[in-house]
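Peer 1: Give me a 3D structure for the following:
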Amino acid sequence: MTQEVCEEEDGGNHGHSWKIITKTDIDYENDQHVYLVDHAWTYRIQTARNQLKTIPGLLNRMASLMDISMDNDGAGNGASAPSTGPTGDDLIDLVLDNMWCFNQTYRLGHMTFGSEESMPIWYIMDEFGSRIQHSDDPTFRMAPFFHISQETVFSLLWPLKSCDQGEEVTRNYVEGVTDPLVRRSRLLPWIPDDMTHIIDYKQQEPDESYFLSYKTDELLPEEFSEDCGQIPSDRNLRVFTDSHTIKQYLTDGRFEMVDDLESADIIWFNKHFKDFRSFCENMPRKLINQFPCECVITTKDLFAVVARRVSHHGNGPSWLPITYNLQTELPQFVSYFQTRQKQSRDNHWICKPWNLARGLGHHVTNNLNHIVRLPDTGPKVACKYLEDSVLFDRPNIGKVKIDIGYIVMLSSVQPLKAYIHQTGWYRFANKPFSLDHLDDYEKHFTVMNYVESQQLLHQVGHSQFVEQFEMQYPDFPWCHIERDIHKMVREFLQAASSEAPPRGLAHSPQSRAVYGVNVMLKWSTDLTGKRSIEPVLIECNYCPDLTRCCKHEPDTYNDIFSTLFLDDIKGRPISVL
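Peer 2: Residues are numbered from 1 along each chain as shown. Take a look at the predicted model:
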């Protein structure tokens, strides 16, 4: 049906150009013209390097398929393996860098959302499939196909129009993308393009329709009665919850558990609640652990939009990493990335799904081709990676990344009334930090609860951490850093409550909430060259899992409930924001 054709470019001095052509006439109405294409390599990002190291022949095959050689600095899309050139880790790095011109992706839709099994699967087609070139007016279409009985995936190729003998087989690499600038951005891995003079990379807050898209099925009260949110003060408060951790650790005698909603004063759900209108109308004297429109602080794209409202010297806050929405701001991001590249500025980025935690679906990279391919797997944000973060010296390991989790309690939006638990929760990477091997999870991430590793989960209590930190950085008292962290979190909440819904948090006398905020520390240098430590707000998570916290600090939920529902922080490790 087809054959591969290899053409030398520029007299053979700059590699090869491959294409697939038809050997016979093809009638697209003939249903016999459906073809199977094998996949040469299927993997998930976190396993790619190890597979290239351990699967016999895989590394050489991928290098050959990508035409990697020292002569062209690893670029190209031909298939002849060089007789000399990079080997070992250098060759692996070149394959991992070049594979974004060849990668395709799918996910298994029947897996539980948010599980590791539901994460995108990447694959590279065989030499035939990988050499089918792009066209805006393609002759063929291709899609992955899961064969249930064989439990295997291959790709189907079929014609979109009739083709004459010798006509090229092409496909559209960016199907469904119609916006011209987005299309140019998505095609960068195959069609290099300088977008620095095409579009301004400055960001604007999206219009109200964007915020409304998150309010699906969420109903806000039209008005509040006088007794709305008034709970009894002459008896213990009754709590209904679906949280086993709360049932185990809420031991304050002023609260008691009940098994039905009707008799409860406080309802605490781990799942999202939407119908605040009916709740207000039918249960006005009950409280719930969620605020309407809290997605503006808990989804990563809106989190950045809200945080940018804070102004430091006419710019966005210094505590927010530069963040672009790859779904709505991809051309602007490309322009900004290429501008930084021309200025020889650091260009490492961390790309995250809007609504997943634990590092799932996260990518650290300085490869623009890598980043512009990620929207294929769903909405992402690209955040500037901290290349100069404050590190923590772990015994027998070295200086590693750290992040700090804080429990933030919100009891009112109008007026703003918020608290923060003074105990931080410290998480550490398992390997010394360096800006290489960006796919190494244990070097660049700190959530180790779910990682199978010979390295044990490193846990340090609050007072122990503060003591060790001040020994390592004696010029930077922790109380000063903590003060800056509290100021940063308050600024963020003020920004989130400064706009009416759907642009901001909605006021509700029936609402109380707990959020988990993740903080990192970075080095900052002023005009005189003086170095200082600044906090960075990484994200804000809905209803954080506090099971591990409670194992080390059994009074955690007693502190939370006393603060949110009794306004009692006396003698508790709670600070007012």
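Peer 1: Please name the residues that touch residue 422.
Peer 2: Going by CB atoms under 8 Å, 6 or more residues apart in numbering, residue 422 touches 462, 482, 573-575. From N, CA and C alone the C-beta is placed, and that goes for glycine too.
Peer 1: Taking those, please make a ChimeraX selection of just the buried ones.
Peer 2: Here is the ChimeraX command that selects the buried residues among the contacts of residue 422 (16 or more other CB atoms under 10 Å):
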select :462,482,574
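Peer 1: Does the closest residue to residue 397 other than its chain neighbours belong to a helix, a strand or coil?
Peer 2: Once flanking residues are discounted, residue 397 sits nearest to residue 432: 6.4 Å by CB to CB, 6 or more residues apart in numbering. Classification of residue 432 by DSSP: H, G, I helix; E, B strand; the rest coil places it in coil.
Peer 1: Low-confidence regions, the stretch 401-550 of the chain specifically.
Peer 2: 449-457 (pLDDT under 70).
Peer 1: Repeat the analysis, applying 90 as the threshold.
Peer 2: Applying pLDDT under 90 to the stretch 401-550 of the chain picks out residues 441, 446-461, 526-527, 529, 548.
Peer 1: Which stretches in it count as strands?
Peer 2: Counting by DSSP state E, counting those that start in this stretch, the stretch 401-550 of the chain has strands at residues 402-412, 417-421, 425-428, 513-525, 531-542.
Peer 1: and the angle from the second one to strand 513-525?
Peer 2: What it means is strand 417-421. 70 degrees (axes from the mean of the first three to the mean of the last three CA atoms, to 10 degrees).
Peer 1: what's strand 417-421 packed up against?
Peer 2: strand 402-412, helix 478-496, helix 556-566, strand 574-576 (3 or more CB pairs under 8 Å, 6 or more residues apart in numbering; DSSP states H and E).
Peer 1: Need the ones you listed in JSON lines (columns: distance to residue 330).
Peer 2: Formatted as JSON lines, the helices and strands packed on strand 417-421 follow (distance: least, CB to CB, whole Å):
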{"stretch": "strand 402-412", "distance to residue 330": "27"}
{"stretch": "helix 478-496", "distance to residue 330": "25"}
{"stretch": "helix 556-566", "distance to residue 330": "40"}
{"stretch": "strand 574-576", "distance to residue 330": "40"}
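Peer 1: do you know which of the ones you listed lies nearest residue 301?
Peer 2: Residue 301 lies closest to helix 478-496 among the helices and strands packed on strand 417-421, at 13.9 Å (CB to CB).
Peer 1: what's that closest one in contact with?
Peer 2: Here helix 478-496 makes contact (CB under 8 Å, 6+ apart) with 296-297, 306-307, 309-310, 317, 319, 404, 406, 408, 410, 416, 418, 420, 422, 466, 469-470, 504-505, 517, 519, 521, 533-535, 537, 540, 575, 577.
Peer 1: middle-most residue in this protein, spatially?
Peer 2: residue 352 (1.5 Å; CA atoms, centre = their mean).
Peer 1: which SS class is it?
Peer 2: Per three-state DSSP, residue 352 ends up strand.
Peer 1: Do I have it right that it meets residue 378?
Peer 2: No. Counting by CB atoms under 8 Å, residue 352 does not reach residue 378; the two are 10.9 Å apart.
Peer 1: can you list residues touching both of these two?
Peer 2: Residues touching both residue 352 and residue 378 (CB under 8 Å, 6+ apart): residue 361.
Peer 1: Helices along the stretch 101-250 of the chain, start to end?
Peer 2: Assigned by DSSP state H, counting those that start in this stretch, the helices in the stretch 101-250 of the chain fall at 127-130, 180-186, 208-212, 244-249.
Peer 1: same for the longest one, what does it pack against?
Peer 2: Packing partners of helix 180-186 (3+ CB pairs under 8 Å, 6+ apart): helix 330-342.
Peer 1: In the helix it packs on, which residues are buried?
Peer 2: Buried residues in helix 330-342 (16+ other CB under 10 Å): 330-338, 340.
Peer 1: Repeat that for stretch 177-191.
Peer 2: 177, 182-189.
Peer 1: go on, stretch 465-485?
Peer 2: Under the neighbour-count criterion of 16+ other CB under 10 Å, stretch 465-485 has 465-466, 468-469, 473, 478, 481-482, 484-485 buried.
Peer 1: Between these, which sits nearest residue 162?
Peer 2: When the buried residues of stretch 465-485 are compared for distance to residue 162 (CB to CB), residue 485 wins out at 65.5 Å.
Peer 1: beta partners of residue 419?
Peer 2: With DSSP bridges applied, residue 419 shows beta-bridge pairing to residue 409, residue 576.
Peer 1: which residues does it contact?
Peer 2: So residue 419 contacts 408-409, 411, 563, 569, 574-577 (CB under 8 Å, 6+ apart).
Peer 1: residues in contact with the residue nearest to residue 397?
Peer 2: 397-400, 443.
Peer 1: which one of those sits closest to residue 173?
Peer 2: Among those, and counting by CB to CB, the member closest to residue 173 is residue 443, at 32.0 Å.
Peer 1: Could you give the number of residues near the closest one?
Peer 2: Neighbourhood size, residue 443 [other CB atoms under 10 Å]: 19.
Peer 1: mind checking how far it is from residue 430?
Peer 2: 8 Å (CB to CB, to the nearest Å).
Peer 1: Reformat the buried residues of helix 330-342 as TSV; add pLDDT and distance to residue 49.
Peer 2: Output for these, formatted as TSV (pLDDT from 0 to 100; distance: CB to CB, whole Å):
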residue	pLDDT	distance to residue 49
330	97	27
331	96	31
332	96	31
333	97	26
334	97	26
335	96	31
336	97	28
337	97	24
338	97	27
340	97	26
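Peer 1: Let's have those residues in JSON lines, adding distance to residue 237.
Peer 2: Formatted as JSON lines, the buried residues of helix 330-342 follow (distance: CB to CB, whole Å):
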{"residue": "330", "distance to residue 237": "49"}
{"residue": "331", "distance to residue 237": "52"}
{"residue": "332", "distance to residue 237": "49"}
{"residue": "333", "distance to residue 237": "48"}
{"residue": "334", "distance to residue 237": "53"}
{"residue": "335", "distance to residue 237": "54"}
{"residue": "336", "distance to residue 237": "50"}
{"residue": "337", "distance to residue 237": "52"}
{"residue": "338", "distance to residue 237": "57"}
{"residue": "340", "distance to residue 237": "53"}
